Structures are given as structure tokens and as C-alpha cells.
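A.B. asks: A structural model of the following input is requested.
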Amino acid sequence: MQAGSFDHLLTVAHEEMATAQGELPEALQTGARSVPVTFEPSPNTGFVADGIAPDTLGLFLGESLADGPSSHPQPTQIILFLENLWEFAGTDEAAYREEIRITYLHELGHYFGMDEEDLEERGLD
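C.D. replies: Numbering: from 1, shown residues only. This is a model prediction of the structure:
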């Protein structure tokens with residue numbers, strides 16, 4: 001596989017997510033594994049039309065654990081935009097791996113109910 005190809009970026013993203021999940025406290029690992037993660041090259045035209053910046057790295061959708069149940073139509077999920085992450089990392093694989101980890105943990109933090117200030121305090125901004 002060629003570095004930078006979507007298949008390679010996807011393989012690396014899966015590896016880094018598994019590592020990040022394994023490094024979480026045991027009490028959080030089950031919750032982390034319950035959130036579906038999807039991988040896209042970049043935000044699609046629908047996301048962009050809804051105000052998501054084309055260079056967004058990741059996105060949390062749905063309800064956090066801090067939210068009560070509702071009739072929210074969006075299923076809970078994390079989306080990582082792999083080509084955007086690759087470009088943000090300067091097409092450097094080591095930097096890409098780190099950005100996958102940071103972005104995944106950032107979006108997972110939203111699932112666990114953290115806001116942007118909480119995430120910044122943890123170095124996940």
C-alpha cells in the first residue's frame with residue numbers, strides 16, 4: 001500500500017484507534033468501543049451545506065452520555081476525515097498517527113460529555 005492512499009490511511013486509523021482505546025481507563029473502554037466510528041476522506045457536500053468546514057478533522061454526532069434520551073434523529077457516532085487528517089499532519093505518517101489519536105479522543109470526549117474547554121485542558125484541542 002502506498003502511504004497516503006485511503007486504504008493505507010484507513011489501516012493506520014484502525015491501528016491508532018485500537019491503541020487509544022486500549023490506553024483508556026478500563027471503566028471507559030466499554031463505552032468507547034460502543035460508539036461507532038466511520039471514516040470518510042473529508043466532509044461531504046451535505047455536511048458542508050450544514051456549516052461543517054471542509055477541512056474538519058473529526059465530528060461527533062448524536063447524544064453524549066451526559067444527555068438524557070431524546071428523539072434525536074441522528075445516531076451517535078464519530079466520523080474521522082482521514083484525508084483531512086493526513087493533510088493536516090503534513091503527509092507525515094508519524095504525525096498522522098498522532099492526529100488520529102488526538103482527534104479520536106477529542107470526539108470521544110464529546111461522547112463522554114466533555115465540552116471544548118474540558119478537552120483543551122486535557123490537550124485534546
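
A.B. asks: Phi and psi next, for Glu40.
C.D. replies: Backbone torsions of Glu40, given as degrees, to the nearest 10, read phi -130, psi 160.

A.B. asks: Run a quick neighbour tally on Glu98.
C.D. replies: Using other CB atoms under 10 Å, Glu98 has 14 neighbouring residues. To be clear about C-beta, it is placed using only N, CA and C from the backbone, and glycine gets the same treatment.

A.B. asks: roughly how far apart are it and Ala89?
C.D. replies: 7 Å (CB to CB, to the nearest Å).

A.B. asks: and if you look at Val12?
C.D. replies: Applying CB to CB, the value for Val12 to Ala89 is 10 Å.

A.B. asks: joint contacts of the two?
C.D. replies: Common neighbours of Val12 and Ala89, using CB atoms under 8 Å, 6 or more residues apart in numbering, are Tyr96.

A.B. asks: which sections of the protein are below the confidence cut-off?
C.D. replies: Counting by pLDDT under 70, the low-confidence segments of the chain come to 1-4, 68-73, 119, 123-125.

A.B. asks: At the geometric centre of the chain, which residue sits there?
C.D. replies: In the chain, the residue lying closest to the centroid (CA atoms, centre = their mean) is Tyr104, at 3.4 Å.

A.B. asks: looking at it, it is touching Gly58, isn't it?
C.D. replies: Yes - using CB atoms under 8 Å, Tyr104 is in contact with Gly58, at 7.0 Å.

A.B. asks: Give the intersection of the neighbour lists for the two.
C.D. replies: Counting by CB under 8 Å, 6+ apart, the shared contacts of Tyr104 and Gly58 are Ile78, Leu80.

A.B. asks: from the chain's centre, how far out does the helix or strand hosting Leu28 sit?
C.D. replies: When elements are assigned from DSSP states H and E, Leu28 belongs to helix 26-34. Between the centre of helix 26-34 and the centre of its chain there are 15 Å (CA atoms, centre = their mean, to the nearest Å).

A.B. asks: Alright, calling it a day.
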